[in-house]
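[1] below are the sequence and a predicted model for it; my questions follow.
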Amino acid sequence: MTADIHSLVGAYALDALDDLERAAFERHLRDCSDCRSDADEFRKTASRLADGAWSVPPPRLRDSVLAQISNTRQLAPSSPDPVPARIGRIDQPRRVRLITAAAAVVAAMAAGTAVYAVQDRRVRQEQSIAEAAQDSEARIRAILAAPDLTLREQPLTSGGRVTVAVSRLRNAGVIMLAADDAPARGRIYQLWTIRSETPTSAKALTEGESTAVQIVEGLPGASAVGVTVEPAPGSTTPTTPLDALVTLT
Amino acid sequence: MAERHPGSRPHLAPVTDPDPPPAIDTLLAAVARSDREAFTRLYDLVAPRVYGLVRRVLRDAGHAEDVAQEVMVEVWRAAARFDPARGSATGWILTIAHRRAVDRVRSEQAAADRTVRVGAASVDTAYDVVADEAATRQEVRDVRRCLDALTDLQREAITLAYYQGRSYPQVAELLGAPVPTVKTRMRDGLIRLRDCLSTAVTA
């Protein structure tokens, strides 16, 4: 994404992008009709790889599917406001994982291209967390929509990943933490920005939390973002080894 | 697919779309108008491909059934969003299926990778599975032949992503190649694959 978003078209067609990159790429597709026809072409080629995969499903699958569609409302022909689009609008008992919610913000701008991109199976986060993000939604949206957005991602040693989106134009960034599990009782995840080798806390999660979306103003001035597991309710300086380090320079 | 009689199509037709075009597109259009009967017929035609693909990516029959169900319900739900100008109905359905399978495999991997480091051994398995089923079908032979025509890195990058649901940074790590290179190989590999498949003819 940093250099040339279009170079991602192959990876996109193979579904080899993560949620955020995929959403950003689809936003790019909306504005670029040549890229769209390229992407369609690549997808068509990729689908040929499925040619040999043919397997008779168990008969009960048919019954379950037919039963389920009789309770499933169909979408209207493409409307500019696709399904899960906005963080704040969770009108189904769907639980949105926060990082996915952030991806949804980007996808909302892809207006219609990302219907199934962001709705989810992987969705297991509490609604309350999504609601907490609602306040920041506009700002997050502005940052993630920046044309110079760069994304960097690192796995967490403890399982999961942290994604850092930075825009120099907006002079801000968003840290998205998606750990597989919350730390053990009495411990929490804490996010740090590192400037001139000095870590500053960007956010201390509360006990039991495993995901966060945190806006950091001035993030382009930092050299790195770190994640540690600290004793609750958080530390003033990291006391444990880094769980992940995302270098920004 | 479904009709599984590749030989019944005109000889020497370009193999850009191996499916009998009208049936599935027409059915999907009817499904978009809430025609349940059409959906049932569509299900019978595409479910084996959907299930087959999902199962190949997931390698777990239980999960595959679960994901295949999601995919078919999504086909029902989003049918009106299908845009024929952008590709075939089958392609659209397989795109949904692949994406859902990848989403699932990634969340499974997240758990598995914590305990088991991904070994280079997995590199070998991705490609071989291309040929293991239905190997007599011409389309499959074309795909196999065209994959063979790629460079090793192009082929491995594409098959690890497509059949194992690996992200491009994961592929780079597995192959010990720089991330930008992998990105590029996926792209130029697909171009080569497309060109090769478009010149293939059904015998």
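    Nice, I can see it.
[2] and the pLDDT at residue 165?
    Went with chain A since none was named. The confidence metric pLDDT takes the value 86 at A:A165.
[3] hm, I was asking about chain B
    93.
[4] got the phi and psi for it?
    The phi/psi pair for B:G165 (degrees, to the nearest 10) reads phi 70, psi 30.
[5] these two touch, right, it and B:A97?
    No - the criterion here is C-beta atoms under 8 Å, and B:G165 misses it with B:A97 at 11.9 Å. All C-beta atoms are positioned from the backbone trio N, CA, C, and that covers glycine.
[6] quick one: which of the two has more around it?
    Set B:G165 next to B:A97 and count neighbours by other C-beta atoms under 10 Å in any protein chain shown: B:A97 wins out with 28 against 23.
[7] buried sites along the helix or strand hosting the more buried one?
    Element membership of B:A97, judged by DSSP states H and E, is helix B:89-115. Buried residues in helix B:89-115, counted by 16 or more other C-beta atoms under 10 Å in any protein chain shown: B:89-107, B:109-110.
[8] next one: stretch A:161-180
    Neighbour counts over stretch A:161-180 (16+ other C-beta under 10 Å) mark A:161-167, A:170, A:172-179 as buried.
[9] quick one: which of those residues is nearest chain B?
    Among those, A:R161 lies closest to chain B (C-beta to the nearest C-beta), at 7.9 Å.
[10] so after the helix or strand harbouring the closest one, what's the next helix or strand?
    Under the criterion of DSSP H and E, A:R161 resides in strand A:160-167. Sequence order places strand A:172-179 as the next helix or strand after strand A:160-167, per DSSP H and E.
[11] on contacts alone, who are the packing partners of that following strand?
    Of the remaining helices and strands, those touching strand A:172-179 by 3 or more C-beta pairs under 8 Å, 6 or more residues apart in numbering or on different chains; DSSP states H and E are helix A:98-109, helix A:137-144, strand A:160-167, strand A:187-195, strand A:211-217, strand A:224-231.
[12] pull the distance from the second one to the chain's centre.
    This means helix A:137-144. Taking the mean C-alpha point of helix A:137-144 and that of its whole chain, the gap between them comes to 13 Å (C-alpha atoms, centre = their mean, to the nearest Å).
[13] just want the angle from it to strand A:211-217.
    Counting by axes from the mean of the first three to the mean of the last three C-alpha atoms, to 10 degrees, helix A:137-144 lies at 70 degrees to strand A:211-217.
[14] would you mind pulling up the elements that helix A:137-144 packs against?
    Under the contact definition 3+ C-beta pairs under 8 Å, 6+ apart, helix A:137-144 sits against helix A:98-109, strand A:160-167, strand A:172-179, strand A:211-217.
[15] which parts of chain B belong to which domain?
    B:1-116, B:118-203 (automatic domain parsing).
[16] distance to A:R185 added to these, as TSV?
    Formatted as TSV, the domains of chain B follow (distance: least, C-beta to C-beta, whole Å):
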stretch	distance to A:R185
domain B:1-116	20
domain B:118-203	31
